[in-house]
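Student: Predicted model and sequence below, questions to follow.
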Amino acid sequence: MSEQALNGGAEPAQQPTGPQFSVEKIYVKDVSFESPKAPLVFNEQTQPQINMNLNQRVQRLGENAYEVVLGVTLTCTAGEGEGNSVYMVEVQQAGVFGLAGFEPNVLDALLGTQCPNVLYPYARQLIADLIQAGGFAPFLLQPINFDALYAEGLRQRQAQQQAGGDLASSETAGNA
């Protein structure tokens with residue numbers, strides 16, 4: 001017989017030990033689909049160009065709760081000049097994550113890599129559904145390496161800090 005059955009179905013009271021990561025809630029914060037040239041665009045025979053823009057926001061909600069919003073904007077254009085937009089999809093996929101017991105640098109890395117990794121499949125599916133509902137051929141976004149994006153962002157932040165530090169020390173040296 002299991003321990004749970006022996007205790008009358010109640011889970012044994014255990015205090016969590018060590019770092020804790022949990023997904024509390026996943027939801028759509030904002031969504032938009034525009035196709036300004038529909039229905040004329042359906043008759044065009046040009047090769048579309050797709051441009052994707054990613055962004056991320058993190059907001060602390062409580063001691064161990066964070067809202068992470070992954071913004072994905074997909075713009076499809078065809079031809080040259082103004083008015084060449086075929087469609088534009090904007091999705092802000094959000095989640096509330098519980099993170100406790102992590103060092104600040106590890107916490108930053110989790111918020112910048114693991115949280116978007118959890119949110120991206122939801123945003124990806126919603127974008128595919130919106131494009132198809134807009135009358136266009138199905139389009140599935142490719143997987144994204146958020147670890148590499150985070151590492152690049154970290155490298156850029158460090159370079160900016162060093163440049164700022166070098167500037168401050170050169171200004172100090174110039175004033176001496």
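Tutor: Alright, I've got the coordinates. Only a predicted model underlies this, so the values are computations on that prediction, with no experimental measurement involved.
Student: This protein: helices as residue ranges?
Tutor: 3-6, 104-112, 114-133, 146-175 (DSSP state H).
Student: Show me what the second one packs onto, helices and strands only.
Tutor: Pointing back at helix 104-112 there. For helix 104-112, the contact count by 3 or more Cβ pairs under 8 Å, 6 or more residues apart in numbering; DSSP states H and E identifies strand 85-100, helix 146-175 as packing neighbours. Yep, even glycine has a C-beta here, placed from its N, CA and C like the rest.
Student: Which elements pack onto the shortest one?
Tutor: Going back to what we said before, that points to strand 85-100. strand 20-34, strand 65-77, helix 104-112, helix 114-133.
Student: Now residue 31: closest residue in space that isn't a chain neighbour?
Tutor: Among residues not flanking residue 31 along the chain, residue 91 sits closest, at 5.3 Å (Cβ to Cβ, 6 or more residues apart in numbering).
Student: Is it correct that residue 100 is in contact with residue 17?
Tutor: No. Under the criterion of Cβ atoms under 8 Å, residue 100 is not in contact with residue 17, lying 11.0 Å apart.
Student: So for those two, which sits in the more crowded spot?
Tutor: residue 100 (14 against 7; other Cβ atoms under 10 Å).
Student: partners of the more buried one in the sheet?
Tutor: residue 20 (DSSP bridges).
Student: From the centre of this protein outward, give me the first residue you hit.
Tutor: residue 70 (2.7 Å; Cα atoms, centre = their mean).
Student: Contact partners for the closest residue to that one other than its chain neighbours?
Tutor: Using Cβ to Cβ, 6+ apart and skipping the chain neighbours, the partner closest in space to residue 70 is residue 119 (4.3 Å). Applying Cβ atoms under 8 Å, 6 or more residues apart in numbering to residue 119 gives the contacts 26, 68, 70, 93-95.
Student: Let's see the ChimeraX selection covering just the buried ones among those residues.
Tutor: Paste this into ChimeraX to select the buried members of the contacts of residue 119, with burial taken from 16 or more other Cβ atoms under 10 Å:
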select :68,70,93,94,95
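Student: Looking at the contacts of residue 119, spot the one nearest residue 36.
Tutor: residue 93 (24.0 Å; Cβ to Cβ).
Student: Can you tell me who the closest one pairs with across the strands?
Tutor: residue 28, residue 70.
Student: surely it meets residue 122?
Tutor: Yes. Using Cβ under 8 Å, residue 93 is in contact with residue 122, at 5.1 Å.
Student: list the residues that contact both of those two?
Tutor: Shared contacts of residue 93 and residue 122, counting by Cβ under 8 Å, 6+ apart, come down to 26, 28.
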